[in-house]
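Chemist: starting from these lines, generate the structure:
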Amino acid sequence: MGITCNGICHRYKAKKPTTMGRYASGQKRCNSCNVFLHWDGLWCPCCNYKLRLTPRSSKYKEKVLKIKSEKKEILANGM
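Modeler: Model (predicted):
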């Protein structure tokens with residue numbers, strides 16, 4: 001029995017940000033539904049498939065980690 005998309009996830013579909021990458025802006029991807037979502041949970045609301053929180057490529061993972069660490073530094077310094 002395969003995992004199938006029920007179409008619920010398209011209500012939470014995220015638009016591509018212009019200033020930074022999708023994962024850096026907090027979007028998550030469902031591999032089953034092939035869509036990026038604005039969703040607070042770890043599981044797709046549509047098919048209950050686990051959402052991707054980081055890119056697969058190590059090159060882009062480094063970029064996302066760098067951006068997130070810079071955001072944490074800014075928040076810690078109170079700027």
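Chemist: C-alpha from now on. contacts and neighbour counts both.
Modeler: Will do.
Chemist: now the most centrally placed residue in the chain: phi and psi?
Modeler: For the chain, residue 28 is the residue whose C-alpha lies nearest the centre (CA atoms, centre = their mean; 2.0 Å). Here is the backbone geometry of residue 28 (degrees, to the nearest 10): phi -130, psi 150.
Chemist: surely it meets residue 53?
Modeler: Yes. If you go by CA atoms under 8 Å, residue 28 and residue 53 touch, sitting 5.3 Å apart.
Chemist: could I get the contacting residues of the residue nearest to the centre of the chain?
Modeler: If you count contacts by CA atoms under 8 Å, 6 or more residues apart in numbering, residue 28 has them with 22, 36-39, 51-54.
Chemist: check what pLDDT it gets.
Modeler: Looking at residue 28, its pLDDT reads 94.
Chemist: which among the contacts of residue 28 end up buried?
Modeler: Restricting those to buried positions leaves 22, 36-39, 51-52, 54, with burial counted as 16 or more other CA atoms under 10 Å.
Chemist: of those, closest to residue 4?
Modeler: Residue 4 has its nearest neighbour among the buried ones among the contacts of residue 28 in residue 51, at 14.2 Å by CA to CA.
Chemist: phi and psi next, for the nearest residue to the closest one once chain neighbours are set aside.
Modeler: Spatially, and ignoring its direct neighbours in sequence, residue 51 is nearest to residue 30 (4.8 Å; CA to CA, 6 or more residues apart in numbering). Listed backbone geometry of residue 30 is phi -100, psi 120, with angles given as degrees, to the nearest 10.
Chemist: beta partners for residue 30?
Modeler: residue 35 (DSSP bridges).
Chemist: and the worst-scoring helix or strand of the chain on mean pLDDT, what's buried?
Modeler: Using mean pLDDT, DSSP states H and E, the weakest-scoring helix or strand in the chain turns out to be helix 58-77, at a mean of 85. Buried residues in helix 58-77, counted by 16+ other CA under 10 Å: residue 64.
Chemist: who are the packing partners of it?
Modeler: Helices and strands touching helix 58-77, by 3 or more CA pairs under 8 Å, 6 or more residues apart in numbering; DSSP states H and E: there are none.
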